[in-house]
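Chemist: Need a 3D model of the following:
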Amino acid sequence: MVFLLTKSAIVASMVLLVSRVCQLPAQSTAARPTPGVVRWTEDYSFLRDPAKRTDPLDGFKFVSLNKTGSAYATFGAEYRVETEWFRNEDWGSDPEKPNQNYFLHRFMPYADLHLNRRVRFFTTLKFNFVNGRSGRPRPVDQDKGDIHEAFVDLKLLETKSRSLVLRTGRQELTYGQGLLINNREGPNVRQSFDAATLTFRRKNLRVDTFAARPVQTNRGWFDDSPEHRQILAGLYATVARRLDIFWLYTDQKLRRWQRGAGRDQRQSIGARWAERRGGWIYDYEGAWQTGTFRDSTPIRAWGVATETGYEFDLAGKPHLALRANLSSGDRGGENLSNFLVPYPKGGYWGKVLLNGPFNFSDLHPLLEFRPHAKWRVESGWVWFFRTSTRDAVYGVGGQLLRNGLGSQARFIGQQGSTEIIWNRDRHVRVSLGYSVFLPGQFLRETPPGKAVHFLNLGITYRL
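Modeler: Numbering: from 1, shown residues only. Predicted coordinates:
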């Protein structure tokens with residue numbers, strides 16, 4: 001309550017922003033893409049027909065570059081503002097500043113240029129700022145301005161049943177559930193890669209082969225560069241939109257684990273099965289990793305992620321699910337057993353960024369329902385454990401948070417989260433989320449181990 005009273009000006013300003021945005025004219029319900037997280041998938045070529053330009057913003061979505069409209073450009077943008085409040089961030093690691101309250105701003109304009117049916121150029125800029133946070137911004141908080149995406153698509157083959165597309169340049173990579181490789185949508189600054197991707201499609205088959213280096217986020221103006229100490233390559237195949245099979249190769253010149261730092265080279269072989277059958281929802285993924293650490297220590301690691309759920313045919317479409325995840329941790333033997341998530345998604349368990357998917361197992365029941373067509377409520381509770389009691393607790397990005405040798409306890413803690421989402425229309429999204437993390441025996445025995453409270457209020461507008 002104290003927070004809400006002292007920050008009334010902040011809340012009022014955000015509500016004013018919502019009301020101003022919501023004065024935009026209502027949109028047509030004609031078949032058209034809804035602006036989403038991944039913008040390059042949106043196809044506005046149907047606006048070649050002037051009779052279908054019923055939205056006041058269609059002038060941005062289809063700009064003809066020749067008489068026939070076969071060459072055209074699409075323009076758009078995303079602006080997201082969030083305010084976050086922490087109490088005892090990182091379980092109270094800074095006792096002199098138990099409370100954190102700050103604003104996060106993200107502005108990402110894009111341009112999509114179709115020269116003809118076979119050649120396309122797509123680019124996105126990013127401007128990310130944080131205001132009011134004490135200390136230095138976290139790497140995922142700020143990037144004053146840079147090129148987030150700039151790639152060229154060349155259609156090498158296109159028939160009614162097959163296509164082959166070569167994509168080169170800066171781009172996002174997300175596969176499967178996004179557990180291993182992700183565009184990091186949750187935090188303020190997203191992840192991109194300098195990469196070459198070859199995508200083959202045939203009926204119910206899609207195969208991607210790629211080679212990439214992650215883009216290193218720097219906080220200044222147009223100073224991001226590829227991370228030359230890291231290599232990512234792989235093959236990802238999807239069959240009948242149900243079964244994924246993948247192989248990944250990662251080479252990180254400097255990777256820090258509890259046993260030390262050094263070069264981490266490994267291969268991941270895995271599969272995912274995702275299906276909806278009746279009201280049941282299944283999503284199971286697993287991977288086995290082998291390689292070497294410091295050029296001589298063998299790597300033997302594994303990880304499993306599961307979700308089993310059911311959507312009831314009732315008012316509000318309630319969806320009840322149980323997620324269970326497990327990844328190996330280092331046991332201190334002759335093999336390194338840490339399972340590597342090379343490019344994690346950010347908030348695995350909501351918006352709060354505390355512990356990450358390394359040396360952990362969890363149980364996560366959750367409930368989702370829709371009290372109204374435009375509203376969605378998500379609520380869940382997670383119990384976290386260390387898989388290996390000889391290994392550390394790591395952060396979302398893989399950084400070491402707590403050395404594991406200070407306690408033999410397995411139970412890290414438990415976290416409850418609730419988020420309310422209002423999709424006002426195709427363009428405006430408002431979310432309010434609260435999380436509480438209650439420390440378990442391990443955190444209490446390796447202090448500080450205070451309870452964490454986290455509140456997030458966000459507004460996103462996508463053109």
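Chemist: Between the two ends of stretch 250-270, how far is it?
Modeler: For stretch 250-270, the separation between the terminal residues is 14 Å (C-alpha to C-alpha, to the nearest Å).
Chemist: Next: stretch 336-356.
Modeler: By C-alpha to C-alpha, the extent of stretch 336-356 from end to end equals 18 Å.
Chemist: now it: mean pLDDT?
Modeler: Model confidence over stretch 336-356, given as mean pLDDT, is 89.
Chemist: got it, and stretch 409-425?
Modeler: What stretch 409-425 shows for mean pLDDT is 97.
Chemist: List the buried residues in it.
Modeler: A409, F411, I412, G413, Q414, Q415, S417, T418, E419, I421, N423 (16 or more other C-beta atoms under 10 Å). From N, CA and C alone the C-beta is placed, and that goes for glycine too.
Chemist: now, which of the residues you listed lie within helices?
Modeler: The helices in this structure, assigned by DSSP state H, contain none of those.
Chemist: How about the contacts made by A237?
Modeler: By C-beta atoms under 8 Å, 6 or more residues apart in numbering, A237 lies in contact with L205, R206, V207, D208, D244, I245, F246.
Chemist: Give me the neighbour count for the third one.
Modeler: With neighbours defined by other C-beta atoms under 10 Å, the count for V207 comes to 16.
Chemist: Check what pLDDT P35 gets.
Modeler: Listed pLDDT for P35 reads 94.
Chemist: And the helices in the stretch 301-450 of the chain, which stretches?
Modeler: For the stretch 301-450 of the chain, applying DSSP state H, counting those that start in this stretch gives helices covering 441-445.
Chemist: before we move on, back to that, okay, the buried residues of stretch 409-425 in TSV with distance to V393 next?
Modeler: Putting those into TSV (distance: C-beta to C-beta, whole Å) gives the following:
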residue	distance to V393
A409	11
F411	11
I412	6
G413	10
Q414	14
Q415	13
S417	19
T418	24
E419	24
I421	30
N423	36
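Chemist: For H105, which residues count as its bridge partners?
Modeler: Listed by DSSP bridges, the beta-bridge partners for H105 are V81, F129.
Chemist: meant to ask about Y110, not that
Modeler: Under DSSP bridges, the beta-bridge partners of Y110 are G76, T124.
Chemist: just checking, it touches K126?
Modeler: No - in this structure Y110 lies outside contact range of K126 using C-beta atoms under 8 Å: 9.8 Å.
Chemist: if you count what's nearby, which of the two comes out ahead?
Modeler: Comparing Y110 with K126 by other C-beta under 10 Å, the one with more neighbours is K126, at 23 against 20.
Chemist: Counting by contacts, list what the helix or strand where the more buried one lies packs against.
Modeler: For K126, the element it lies in under DSSP states H and E is strand 119-131. When contacts are defined as 3 or more C-beta pairs under 8 Å, 6 or more residues apart in numbering; DSSP states H and E, strand 119-131 packs onto strand 99-114, strand 143-158.
Chemist: I'd like those laid out as TSV, including distance to A261.
Modeler: Below are the helices and strands packed on strand 119-131 laid out as TSV (distance: least, C-beta to C-beta, whole Å):
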stretch	distance to A261
strand 99-114	29
strand 143-158	26
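Chemist: Same list, the ones you listed, but as CSV with mean pLDDT and distance to G332 please.
Modeler: Conversion of the helices and strands packed on strand 119-131 to CSV gives the following (pLDDT from 0 to 100; distance: least, C-beta to C-beta, whole Å):
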stretch, mean pLDDT, distance to G332
strand 99-114, 96, 35
strand 143-158, 97, 38
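Chemist: Ok, which of these comes nearest A271?
Modeler: Each of those has some distance to A271 by C-beta to C-beta; the shortest is strand 143-158, at 27.1 Å.
Chemist: by contact count, what packs against the closest one?
Modeler: strand 119-131, strand 162-171.
Chemist: and the gap between W257 and D223?
Modeler: 29 Å (C-beta to C-beta, to the nearest Å).
Chemist: Those two: which has the busier surroundings?
Modeler: In terms of neighbours (other C-beta under 10 Å), W257 is the more surrounded of W257 and D223; the figures are 22 against 13.
Chemist: show me the contacts for the residue nearest to that one when sequence neighbours are not counted.
Modeler: Leaving aside its sequence neighbours, W257 sits nearest to N338 (C-beta to C-beta, 6 or more residues apart in numbering; 5.2 Å). With contact set as C-beta under 8 Å, 6+ apart, N338 has these partners: W257, I299, A301, S328, G329, D330, F358, N359, D391.
Chemist: Distance of the fifth one relative to S64?
Modeler: Between G329 and S64 the distance, using C-beta to C-beta, works out to 57 Å.
Chemist: Give me the residues contacting the strand holding K126.
Modeler: Everything outside strand 119-131 that qualifies as a contact, by C-beta under 8 Å, 6+ apart, is 39-40, 102-115, 137, 141-155, 188-190.
Chemist: cool, and stretch 266-282?
Modeler: Residues from elsewhere that reach stretch 266-282, judged by C-beta under 8 Å, 6+ apart: 176-177, 180, 242-250, 283-292, 299, 301, 307-313, 319, 321, 340.
Chemist: Do I have it right that H453 meets V436?
Modeler: Yes - counting by C-beta under 8 Å, H453 sits close enough to V436 to count as a contact (5.5 Å).
Chemist: Now name the helix or strand holding R256.
Modeler: When elements are assigned from DSSP H and E, R256 belongs to strand 243-257.
Chemist: tell me which residues in the next helix or strand after that strand are buried?
Modeler: Following strand 243-257 in sequence order, the next helix or strand is strand 260-277 (DSSP H and E). Taking 16+ other C-beta under 10 Å as the neighbour-count basis, strand 260-277 is seen to contain the buried residues G262, D264, Q265, R266, Q267, S268, G270, R272, A274.
Chemist: likewise stretch 88-103?
Modeler: Residues of stretch 88-103 classed as buried under the neighbour-count rule (16+ other C-beta under 10 Å) are N88, E89, D90, W91, G92, Q100, N101, Y102, F103.
Chemist: Distance to A73 added to those residues, as TSV?
Modeler: As requested, the buried residues of stretch 88-103 are arranged in TSV below (distance: C-beta to C-beta, whole Å):
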residue	distance to A73
N88	49
E89	43
D90	45
W91	49
G92	51
Q100	42
N101	41
Y102	36
F103	32
